[in-house]
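**Q** Next one to model:
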Amino acid sequence: MSTGIRFRLSFMMFLEFFIWGSWFVTLGTFLGANLNATGTQIATAFSTQSFGAIIAPFIIGLIADRYFNAEKILGLLHLVGGGLMFLLYQSTDFTAFYPMLLLYMILYMPTLALVNSVSFNQMKDPEKDFSSIRVWGTIGWIVAGLAISYAFTWDTAENIANGFLKNTFLMAGIAAVILGLFSFTLPATPPKADRSQKLKVSEILGLDALRLLKERNFAVFFISSILICIPLAFYYQNANPFLTEIGVTNPTGKMTIGQISEALFLLLLPIFFKRFGFKKTLLLGMIAWVLRYILFALGNADSGLFLLIIGIALHGICYDFFFVSGQIYTDSKAGEKFKSAAQGLITLATYGIGMLIGFFVAGKVSDMYLAADGSHTWESIWMIPAGIAAVVVVFFLIFFKDESKKATNLS
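**A** Numbers count the residues shown, from 1 in each chain. This next block holds a predicted model:
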């Protein structure tokens, strides 16, 4: 890969996740403080990610893979998305905000697959080259968080009260327009699917891989993947409002510690796989979810700040050791015939079904522990996802059996 192409792909990844990180982390805080949204309404807003994840395969499978170059669709989706971000920036009530956010996420979620397609199309050895490109996405998310907290200070109590947090949508919109225009300079990535071949809905959604569920271990892993997304949704939806409400300074910037941890543990993952195997690695990831929420329940903005920082830093273990490990495990089980279908299925199950349930539960729990003065009983809120994660740990520990030999591919 030439230096020029590597730079363009890296910049593409940087902007792709800079856009998402610009507004997604602070969404719950913005909606509660500036649009007076309830916990259930905030959950509904976050659920747009799940609906986008469910609809994305249709856009990719029916359009991108069959009719148009991936980089051109990427550019068009981000240009339209940039326009929607400017409209979100101008929104003053939740009723007008929600449908625009839903449309935006329906357009944005397919771009996650498109940037991968553009990247893989330029790589002779994806296993070697992709991580060095993809890490720029994590850096983009980190830079967005640091900019919000330290460059613009939009997430201070005073600036939130004055409505400055809406500027996160403006920042995301400008970045989306830049990426939309830049996408047309990316290497050509033409469609590879045979248009004459009839495409089945089951293929688009990865439902052909459902036969993998006949194997007990994969079925246990599949159920665990859906259930563990409930605690994950609590983090995405409530972490920033929680830190803001209890008075932690620069909460968005501090949350970037989670992405730094994610990048670090991604590099350590192969070592854990080799030494402990899949089951123990996955269990460690789930146990980290339990520990993280207990730390959140015990921590505070003063003497207990270090507990909150440790909880945030556990994000690398929580995410990489379960979700990335799960993708690798799914790939090993699927065999050549069902690799794409299996990854599509696990994505649909986690970011679609699992997160949809998780956001709903998180919203209901937030409203349940909401006081008349607008504050929350956060200790009680965080113990609920900790308990759910603990149940998933016990379920997985009992029913998933250690595999002494290499997974047998299903063909």
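**Q** what helix or strand is the nearest residue to residue 22 once chain neighbours are set aside on?
**A** Nearest residue to residue 22 in three dimensions, chain neighbours excluded: residue 172, at 3.8 Å (C-beta to C-beta, 6 or more residues apart in numbering). Every residue, glycine included, has its C-beta placed from N, CA and C. Secondary structure from DSSP states H and E places residue 172 in helix 167-183.
**Q** Please save the CA atoms from that helix in CSV.
**A** As requested, C-alpha coordinates have been extracted for helix 167-183 and formatted as CSV (Å, rounded to 0.1, in the frame of the first residue of the first chain):
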residue,chain,number,x,y,z
ASN,A,167,-22.4,22.8,19.3
THR,A,168,-21.3,19.2,19.3
PHE,A,169,-23.8,18.6,16.5
LEU,A,170,-22.4,21.6,14.6
MET,A,171,-18.9,20.1,15.0
ALA,A,172,-20.1,16.7,13.8
GLY,A,173,-21.9,18.3,10.9
ILE,A,174,-18.8,20.2,9.6
ALA,A,175,-16.7,17.0,9.9
ALA,A,176,-19.4,15.0,8.1
VAL,A,177,-19.4,17.5,5.1
ILE,A,178,-15.6,17.3,5.0
LEU,A,179,-15.6,13.5,5.0
GLY,A,180,-18.5,13.5,2.4
LEU,A,181,-16.4,15.6,0.0
PHE,A,182,-13.2,13.8,0.8
SER,A,183,-14.8,10.4,0.1
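**Q** Packing partners of it?
**A** helix 3-23, helix 70-90 (3 or more C-beta pairs under 8 Å, 6 or more residues apart in numbering; DSSP states H and E).
**Q** Out of those, which gets nearest to residue 245?
**A** helix 3-23 (19.0 Å; C-beta to C-beta).
**Q** Tell me the helices and strands packed up against the following helix or strand past that closest one.
**A** On the C-terminal side of helix 3-23, the nearest following helix or strand under DSSP H and E is helix 27-34. Judged by 3+ C-beta pairs under 8 Å, 6+ apart, the packing partners of helix 27-34 are helix 39-46, helix 157-161, helix 216-245.
**Q** Hey, what's the angle from the longest helix seen in the chain to helix 216-245? Just curious.
**A** When the chain is parsed with DSSP state H, its longest helix is helix 251-298. Here the directions of helix 251-298 and helix 216-245 differ by 110 degrees (axes from the mean of the first three to the mean of the last three C-alpha atoms, to 10 degrees).
**Q** Now do helix 251-298, average pLDDT.
**A** Averaged across helix 251-298, the pLDDT comes to 92.
**Q** just checking, what packs against that helix?
**A** helix 126-146, helix 216-245, helix 305-313, helix 315-319, helix 325-334, helix 378-399.
**Q** Run the chain-centre distance for that helix.
**A** 15 Å (C-alpha atoms, centre = their mean, to the nearest Å).
**Q** domains of this protein?
**A** Annotated domains of the chain cover 1-195, 200-411 [automatic domain parsing].
**Q** which residues touch the residue nearest to residue 22?
**A** By C-beta atoms under 8 Å, 6 or more residues apart in numbering, the contact list for residue 172 reads 19-20, 22-23, 85.
**Q** hmm, try it at 7 Å
**A** Listed by C-beta atoms under 7 Å, 6 or more residues apart in numbering, the contact partners of residue 172 are 19, 22-23, 85.
**Q** Next one: it, what pLDDT does it get?
**A** Taking residue 172 on its own, its pLDDT is 98.
**Q** And residue 350, by the same measure?
**A** The model's pLDDT for residue 350 equals 89.
**Q** burial count for it?
**A** 23 (other C-beta atoms under 10 Å).
**Q** my guess is it meets residue 225, correct?
**A** Yes - in this structure residue 350 lies within contact range of residue 225 using C-beta atoms under 7 Å: 5.3 Å.
**Q** what about residue 307, how many neighbours?
**A** 16.
**Q** tell me the contacts of the closest residue to it other than its chain neighbours?
**A** Residue nearest to residue 307 in three dimensions, not counting chain neighbours: residue 299, with 3.5 Å by C-beta to C-beta, 6+ apart. Going by C-beta under 7 Å, 6+ apart, residue 299 touches 305, 307-308, 311.
**Q** From residue 254, how far out is residue 299?
**A** Residue 299 sits 12 Å away from residue 254, taking C-beta to C-beta, to the nearest Å as the criterion.
**Q** cool, residue 174 as well?
**A** 24 Å.
**Q** Who has more neighbours out of those two?
**A** Shown here are residue 174 and residue 254; by other C-beta under 10 Å, residue 254 has more neighbours (22 against 15).
**Q** can you pull the pLDDT of residue 176?
**A** On the pLDDT scale, residue 176 gets 98.
**Q** Make JSON lines from the helices and strands packed on helix 167-183 and add mean pLDDT, mean neighbour count and distance to residue 181 to it.
**A** Formatted as JSON lines, those follow (pLDDT from 0 to 100; neighbours: other C-beta atoms under 10 Å; distance: least, C-beta to C-beta, whole Å):
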{"stretch": "helix 3-23", "mean pLDDT": "96", "mean neighbour count": "21", "distance to residue 181": "11"}
{"stretch": "helix 70-90", "mean pLDDT": "96", "mean neighbour count": "21", "distance to residue 181": "7"}
